[in-house]
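> Here is my input; please provide its structure:
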Amino acid sequence: MSKKHILIFLLVLLIFVFQNNNSIALQSGGVEIGDLETGSVTGVPFKALDVDFTLTALCVGGQKAWYPPLIVLDLRTEGTGGRAGRPIVMRVINELPIPQGLALSADSAFAGPTSLNVKMVIKNEEIKYIGLPISDLTYVTTGSRLTFSNFADPNMLDSQLLIIR
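Numbering: from 1, shown residues only. I've put the predicted structure just below:
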């Protein structure tokens, strides 16, 4: 076998290896849920990270809702490189008297087999933290919108997370 054939073989092998690593990373799903003291995401404790936004379950005019109704996460000013891989951390608070089911998912019209899908129950007066690796937002989420809904109560008003990249 000539040097040219060996070089081509190694190049094809490298392309194959890197292509497979990307697909594994897309399916890793590193979302973590916990409290401030014991929770962590990508190996970093929640208490060492800044909270990017807060989502609250509350009652407005007799209607249960996730508040705020729209959260804008602008990654243009920081970008993936600007965050240096720092994950997104959100605080979730339940101010309602009964437990609530929180579902975080990609827009179902664009959701694929690797799309982000998180479900959790948050007790009344409880505060939880959700850590999302930046790669899950930039690579796994095909659309630019995630929906926060209550899987236990479909009458509760949803909230949207709009990601500007």
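> Would you mark the buried spots in stretch 92-99?
For stretch 92-99, burial by neighbour count (16 or more other C-beta atoms under 10 Å) applies to 92-94, 96. Heads up, the C-betas are built off the backbone N, CA and C, glycines and all.
> quick one: contacts of it?
Residues outside stretch 92-99 that contact it (C-beta atoms under 8 Å, 6 or more residues apart in numbering): 54-59, 64, 100, 102, 120-130, 152.
> Now do the SS call for the nearest residue to L146 once chain neighbours are set aside.
Residue nearest to L146 in three dimensions, not counting chain neighbours: L161, with 4.2 Å by C-beta to C-beta, 6 or more residues apart in numbering. What DSSP: H, G, I helix; E, B strand; the rest coil gives for L161 is strand.
> and L161, what are its bridge partners?
Beta-bridge partners recorded for L161 (DSSP bridges): I71, L146.
> Just the pLDDT for it.
At L161, the model reports a pLDDT of 91.
> Next up, the contacts around it.
Contacts for L161 (C-beta under 8 Å, 6+ apart) come out as 71, 73, 104, 145-148.
> Tell me where this structure is predicted with low confidence.
1, 9-29, 77-84, 107-115, 138-143 (pLDDT under 70).
> Could you list the domains of it?
1-29, 31-164 (automatic domain parsing).
> deepest of the ones you listed, which one?
With neighbours taken as mean count of other C-beta atoms under 10 Å, those reach their highest mean count in domain 31-164, at a mean of 16.
> Tell me the spacing between T54 and I130.
With distances taken as C-beta to C-beta, to the nearest Å, T54 is found 11 Å from I130.
> anything in contact with each of the two?
90, 92.
> Which residue ranges of this structure form helices?
Using DSSP state H, the helices found in the chain span residues 3-26, 79-82, 134-135.
> Please give me every residue in contact with the most centrally placed residue in the chain.
Computing the C-alpha centroid of the chain and ranking residues by C-alpha atoms, centre = their mean puts L132 first, at 4.0 Å. Applying C-beta under 8 Å, 6+ apart, we find L132 in contact with 30-31, 41, 87-90, 116.
> With G34 instead?
Taking C-beta under 8 Å, 6+ apart as the test, what G34 contacts is 40, 46, 128-129, 131.
> Now do the strands in this structure.
Assigned by DSSP state E, the chain shows strands spanning 32-34, 40-41, 44-45, 53-60, 63-67, 70-74, 88-94, 100-106, 117-122, 127-132, 145-149, 159-164.
> I'm done for today, thanks for sticking with me.
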